[in-house]
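Chemist: this one's structure only:
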């Protein structure tokens with residue numbers, strides 16, 4: 001009677017395998033396509049979720065990028081350091097194997113598997129916690145483990161499992177499926193093992209050693225973030241007192257540089273933002289000039305009202321990524337949280353600098369006493385919002401301590417907003433986070449083409 005074999009995840013043992021000439025199938029290597037998203041890291045996994053396979057059965061590998069994109073068709077796969085064709089492997093002999101993949105110079109994690117006889121009893125260790133696989137690193141406070149036997153057993157017990165760097169609890173199961181919870185004792189590398197000859201099947205066959213499950217617990221120590229203050233300057237070219245506020249903000253930016261985010265929201269002129277009424281209604285703007293600090297209070301035009309806020313630490317950070325090709329603008333908004341939040345909103349604005357328009361000017365507020373100021377350069381002009389101007393909701397499940405929220409946009413920049421032409425080289429991006437009371441918790445200004453990191457302290 002022919003023997004059958006099973007392939008399972010296993011501890012890495014250097015071996016020589018002879019089945020390189022076995023049948024291979026999978027995705028070809030000669031495609032000229034590229035992943036849709038930039039690849040920064042790769043996780044290799046077994047998409048079937050199974051830990052063992054019959055001999056001469058396809059073992060499929062999957063490569064997933066940090067952008068959660070399946071990039072298997074763009075990668076090269078290596079079994080025991082030998083390149084295979086595509087992402088599918090089939091072995092005709094028993095042994096221990098390793099597998100990893102590469103995309104350009106980026107290498108994935110290394111997974112292991114081995115071939116054993118079907119008559120041998122083997123228990124496979126996996127995790128059902130989202131994002132946790134053999135060899136992964138996460139900040140989960142505990143992980144759920146699954147133990148799957150290739151044959152039914154009645155004497156597998158928690159004592160058959162050996163762990164390092166933590167403890168097991170909630171052990172349960174019967175037959176071929178068992179589960180337990182592993183809780184780490186501090187940060188670092190953790191292992192889960194099942195030694196040989198610890199349990200039996202119904203025929204009295206003893207088990208072989210299981211593949212070691214490896215996981216690294218990364219202690220999540222959320223950090224504070226630099227605080228940036230957003231000031232929305234409600235203004236208009238017809239407003240003769242508005243240069244007073246514009247000049248004061250211009251001068252304050254020299255001191256605070258990136259920590260002062262100014263948005264000039266025009267009303268009643270050719271630079272008027274299309275949804276300005278929605279903003280003025282929300283913030284009770286009835287007279288001009290009117291500058292709003294962090295969407296909470298009208299600015300008293302004293303620098304201390306703003307500088308006192310920039311000296312505090314924020315519990316949420318903002319970062320922006322953007323690029324432009326022709327008229328197509330791509331923006332990614334990111335927020336990171338150092339404590340649990342709920343009922344938050346985020347906003348993304350497109351601003352433009354150096355827009356020339358005559359400005360009424362009732363006195364010398366810093367720009368001279370001419371009235372009007374001919375071809376006055378209007379800075380930080382709000383042109384468009386990729387979100388609602390009051391912000392879009394973020395699910396509370398995405399704003400937990402240590403979490404990072406991301407949202408991407410693709411937007412075709414028009415040649416004009418109304419009758420006002422657009423200079424794409426003068427555009428920039430603003431992102432902000434607000435709470436349920438519309439208070440801005442943090443904000444960020446970015447040039448187009450930049451990739452920002454979080455301003456962690």
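Modeler: Cool, the structure landed. These numbers come from a predicted model, not from an experiment.

Chemist: Can you pull out the low-pLDDT segments for the stretch 1-150 of the chain?
Modeler: For the stretch 1-150 of the chain, residues meeting the criterion pLDDT under 70 lie at 1-32, 49-54, 115, 117-119.

Chemist: Show me where it has its strands.
Modeler: 5-8, 42-45, 52-54, 59-60, 62-65, 76-79, 82-83, 88-89, 95-103, 106-107, 111-117, 123-127, 136-138, 143-153 (DSSP state E, counting those that start in this stretch).

Chemist: State which strand of the chain is the longest.
Modeler: strand 166-184 (DSSP state E).

Chemist: Which positions within it qualify as buried?
Modeler: 166, 168, 171, 173, 178, 180, 182-184 (16 or more other CB atoms under 10 Å). (Glycine included, C-beta is placed from N, CA and C.)

Chemist: Quick one: mean pLDDT over the helix or strand just after that strand.
Modeler: Following strand 166-184 in sequence order, the next helix or strand is strand 188-194 (DSSP states H and E). For strand 188-194, the per-residue pLDDT values average out at 95.

Chemist: got the buried residues for strand 188-194?
Modeler: Buried residues in strand 188-194 (16+ other CB under 10 Å): 190, 192-194.

Chemist: And for stretch 403-420?
Modeler: 403, 405, 407, 413, 417, 420.

Chemist: gap between that stretch and the chain center?
Modeler: 20 Å (CA atoms, centre = their mean, to the nearest Å).

Chemist: Repeat that for stretch 78-91.
Modeler: 30 Å.

Chemist: And the helices in this protein, which stretches?
Modeler: Secondary structure of the chain by DSSP state H: the helices cover 242-256, 276-282, 303-310.

Chemist: closest to residue 449 out of the ones you listed?
Modeler: Ranking the helices of the chain by proximity to residue 449 (CB to CB) places helix 242-256 first, at 20.7 Å.

Chemist: What is the closest one packed up against?
Modeler: The contact analysis (3 or more CB pairs under 8 Å, 6 or more residues apart in numbering; DSSP states H and E) places helix 242-256 against strand 229-235, strand 260-266, helix 303-310.

Chemist: Nearest to residue 324, out of those?
Modeler: Nearest to residue 324, of the helices and strands packed on helix 242-256 and by CB to CB, is strand 260-266 at 19.9 Å.

Chemist: That closest one - what's its average pLDDT?
Modeler: 98.

Chemist: Now do it: which elements does it pack against?
Modeler: Using 3+ CB pairs under 8 Å, 6+ apart: strand 260-266 touches strand 229-235, helix 242-256, helix 276-282, strand 344-352, strand 381-385, strand 427-434, strand 440-447.

Chemist: Output those in TSV; the columns should cover mean neighbour count and mean pLDDT.
Modeler: Shown next, in TSV, are these (neighbours: other CB atoms under 10 Å; pLDDT from 0 to 100):
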stretch	mean neighbour count	mean pLDDT
strand 229-235	25	98
helix 242-256	18	96
helix 276-282	15	96
strand 344-352	23	98
strand 381-385	22	97
strand 427-434	24	98
strand 440-447	23	98
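
Chemist: Ok, which of the helices of the chain comes nearest residue 91?
Modeler: helix 303-310 (61.7 Å).

Chemist: which among the buried residues of strand 188-194 gets closest to residue 37?
Modeler: residue 190 (30.5 Å).

Chemist: Can you verify my assumption that that closest one contacts residue 218?
Modeler: No. At 11.1 Å, residue 190 does not count as touching residue 218 under the criterion of CB atoms under 8 Å.

Chemist: right, and residue 132 touches residue 142 too?
Modeler: No. Here residue 132 does not reach residue 142: they are 10.2 Å apart, not a contact under CB under 8 Å.

Chemist: quick one: which of those two has more around it?
Modeler: Set residue 132 next to residue 142 and count neighbours by other CB atoms under 10 Å: residue 132 wins out with 19 against 15.

Chemist: and the more buried one, what is it in contact with?
Modeler: The contact partners of residue 132, by CB atoms under 8 Å, 6 or more residues apart in numbering, come to 138, 140, 143, 215.

Chemist: ok, now residue 280?
Modeler: So residue 280 contacts 234, 267, 286 (CB under 8 Å, 6+ apart).

Chemist: again, only using 10 Å
Modeler: By CB atoms under 10 Å, 6 or more residues apart in numbering, the residues touching residue 280 are 234, 265, 267, 286, 288, 290.

Chemist: related to what we said a few turns ago, of all the buried residues of stretch 403-420, which comes closest to residue 335?
Modeler: Among those, and counting by CB to CB, the member closest to residue 335 is residue 405, at 4.7 Å.

Chemist: quick one: contacts for the closest one?
Modeler: Contacts of residue 405 (CB under 10 Å, 6+ apart): 316, 333-337, 341, 344, 346, 394-395, 397-399, 433.

Chemist: let's see it at 7 Å
Modeler: 334-335, 394, 398-399 (CB atoms under 7 Å, 6 or more residues apart in numbering).

Chemist: ditto for residue 256
Modeler: Going by CB under 7 Å, 6+ apart, the list of residues near residue 256 reads residue 310.

Chemist: roughly how far apart are it and residue 314?
Modeler: Going from residue 256 to residue 314 by CB to CB, to the nearest Å gives 15 Å.
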